[in-house]
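>>> build the 3D model from these lines:
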Amino acid sequence: MAKSSCLRWLHGTVAYGAMAFMRRAWWNAIRVAARRLIPFLPLLGLLWHFDAIAQNANGPAVTIELQQQHFVVETDGTFVLTQEEHRLVEHERGIKLSAQQYLLYNASLETVEILEAYTQKSDDRKIMVQPDQIRTQQEVRSVNAPMFQDLLYKIIIFPEVAVGDRLYWKLVRRRHTPLFPGHFTHATYPQDVRYEEFRLVYDMPVPMSLNADNTGFRQLPSSPVDGKTRYEWAYMPKSRPRAEVGAVDYADYGDHLYVSTFQNHAEFAKAYESRAATQSVVTPAIKALVAQLLTNVESPRDKARVLYDWVRQNVRYVAVYMGPGGVVPHSAEAVLHNRYGDCKDHVVLLEAMLAAAGIESTPALTNVGTAYSLPSVPGLAVINHVMTHIPSLHLYLDSTADSVAFGFLPHQMLDKPVILAKSGQTDRVPATQPLKVETAIKIQVTEDGSATFTYQETQIGAAAEPTRSFVRNLAPAERQTFVSRLLQRESLKGTGRMDVGDLKGPSDKYQYGGTGEIENLIDLSNVAALPTWTSFSAGIRQAVWGLDSEQKRNLPFLCYANEAEESTEIELPNDRITAKLPRGIQLSTQYFDYESRYMKAGNTLLFHRRFKSKFPLAVCRSGTFEEIKPSLQAMRRDLASKVVLESQN
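Prediction:
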């Protein structure tokens, strides 16, 4: 199954408010579901869009009057961070955003101490946060895996918070065990709130130089302080662009400050690999398992397929860490024994199993979200995930995506920049993969306007196994209501039975469907307008609507290549019914092929649509939207067309 960012160490964790953390965790969960339900991804973008509108309606919910983060770094990579924040609650919404602050930390790497916190009322009274209002809580995911117990929340619960109040807190975070010994990295993204003053200060040992990738922050002159070099940046507040539906991650276009002592990505990869390599030892247990699995398996590709399938199907993904586990995997032997782990644990086990089969692989450091560019400064700001790369087969594999078949990737991982850990070289994941959906609907209408129908959908390529996995995991009650819910999407009322198809068939093709009855499909006693359905589920409409979900685009957006072919046959109860049919269209552009045909043969209506998007990359520039908008509008008009029926009695 998919996962949240398993290498991420939440740089700048304490800079975020409570709801910022909760929203991020919630959306990570949404991304997990999204990678199972690829066709419905545009709908998730709409939810994000509405969330952004709610946060910015009627002025700012809060104003950060002052935030300062002051790091004192040592040569071994340890540091002490002193942070304070003054926050003004300006709207009722700001109470929910601010009244509790969730500060995530790793108890094996660091300590967090709240020095002072209070609510300052509008009459200047200070209501101090009492010791029992500062709680420590285990991070929720670690409940699922006993070997992971280190991630904790320090929660500040502010008393008597009302609109017009100011909230203040100050803490000290002491990192006593660095993620990368001898190195320091940090990343900052301003919150989507109003800022008056935001400063970041880094006091670095003289031998350590600090490299920066910076947008929206002004660097102040460096100066010596207490035997260290002080680097300082001040945020220059400005209006933040609205998060458009389907846009790339804010990290690709927004304000940020990344700092790092790593000189380049190769050095960063070496630091990761130096600690991960010792964990991929081929033990007798791993060697024996591989020998058992590969009995009578000859070709390297088939061997890789068998081993990948075993890991994705037998090792549970758990997105939590222990000690320096944010960047260091557990041993392959431990992962095999426990049968769970995060992304780097999956990679280290698969690496050891492939090595036992004589196949070399390398961890590929990348991004699991919707960020598609690498900052010039190496660190864990964007690099938050690891996949497996097999150079000899030119393959990228993500075994944490347990519903994705060998040779394919979750759509979200296409076209991603990667750093190959063993060589330090940068590469890019292929931008496209085969994906086609074929649907066929057959409807028989009775004299009273009701109908019986059959529905069949065939997934070919990348979506086949995720769809099969989705159907396989449906509960019996969900299967019973599946057809009726499909009909509800079209504002139809009816019942039916689901045909789950072959749940153990080939990984690149899956066919399922259903049969059922529809109440009152058409009123044949009057002139009726019948929609030109060619699918009851995700298909051409979702592909077009997902791309055309904004009036105008100012940000780069996701634009995957895919195909769909859909047809419908509607048998009318007699040949005395006339039909006024849409004309159908045909277009072929740089980015799309689209064709629709509408016919009547005897008493049968025939609808057919064919769609292909031909985007060469997974990300389109904002200007591309203006180029494709006429095509999108033409396709939308056609998809909304209707057949006008009239009975000639």
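>>> could you use CA atoms for every contact and neighbour count after this?
Noted.
>>> now do the SS call for residue 535.
Secondary structure, DSSP: H, G, I helix; E, B strand; the rest coil: residue 535 is coil.
>>> what's the neighbour count on it?
23 (other Cα atoms under 10 Å).
>>> separation between it and residue 450?
Residue 535 sits 19 Å away from residue 450, taking Cα to Cα, to the nearest Å as the criterion.
>>> contacts for the helix or strand residue 66 falls within, please.
Secondary structure from DSSP states H and E places residue 66 in strand 62-73. With Cα atoms under 8 Å, 6 or more residues apart in numbering as the test, strand 62-73 has contacts from 79-91, 94, 184, 193-205.
>>> 6 Å - rerun?
By Cα atoms under 6 Å, 6 or more residues apart in numbering, the residues outside strand 62-73 that reach it are 79-90, 94, 194-204.
>>> may I see the ChimeraX selection of the buried members of those?
Listed next is the ChimeraX selection for buried residues among those, using 16 or more other Cα atoms under 10 Å:
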select :79,80,81,82,83,84,85,86,87,88,89,90,94,194,195,197,198,199,200,201,202,203,204
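>>> which of the contacts of strand 62-73 fall in strands?
79-89, 194-195, 198-204 (DSSP state E).
>>> list the contacts of residue 134.
Here residue 134 is in contact with 155, 156 (criterion: Cα under 6 Å, 6+ apart).
>>> where do the strands of the stretch 201-350 of the chain begin and end?
Using DSSP state E, counting those that start in this stretch, the strands of the stretch 201-350 of the chain run over 211-215, 217-225, 228-235, 256-260, 316-317, 340-341.
>>> most tightly surrounded among those strands?
Among these, strand 340-341 has the highest mean neighbour count (mean count of other Cα atoms under 10 Å), at a mean of 25.
>>> what is it packed up against?
Secondary-structure packing of strand 340-341 (3 or more Cα pairs under 6 Å, 6 or more residues apart in numbering; DSSP states H and E): strand 316-317.
>>> hmm, who's touching the strand it packs on?
Strand 316-317 has contacts (Cα under 6 Å, 6+ apart) with 340, 341, 342, 400.
>>> so where is the chain shaky, pLDDT-wise?
Across the chain, the ranges flagged by pLDDT under 70 are 1-58, 139-149, 319-325, 649.
>>> let's see that with 50 instead.
Scanning the chain for pLDDT under 50 picks out the ranges 1-2, 9-56, 142-148.
>>> how about the strands in the stretch 401-550 of the chain?
Using DSSP E, counting those that start in this stretch, strands in the stretch 401-550 of the chain cover 417-420, 426-428, 435-445, 451-461, 494-499, 509-518, 528-531.
>>> paired strands for the last one, with orientation please.
Partners of strand 528-531 in the sheet, by DSSP bridges, are strand 642-647 (antiparallel).
>>> need the strands of the stretch 201-350 of the chain in TSV (columns: distance to residue 557).
Shown next, in TSV, are those (distance: least, Cα to Cα, whole Å):
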stretch	distance to residue 557
strand 211-215	20
strand 217-225	25
strand 228-235	26
strand 256-260	19
strand 316-317	29
strand 340-341	32
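>>> which of those strands sits closest to residue 60?
Evaluated with Cα to Cα, the strands of the stretch 201-350 of the chain place strand 228-235 nearest to residue 60, the distance being 17.8 Å.
>>> other SSEs contacting that closest one?
Looks like strand 228-235 contacts strand 198-205, strand 217-225 (3+ Cα pairs under 6 Å, 6+ apart).
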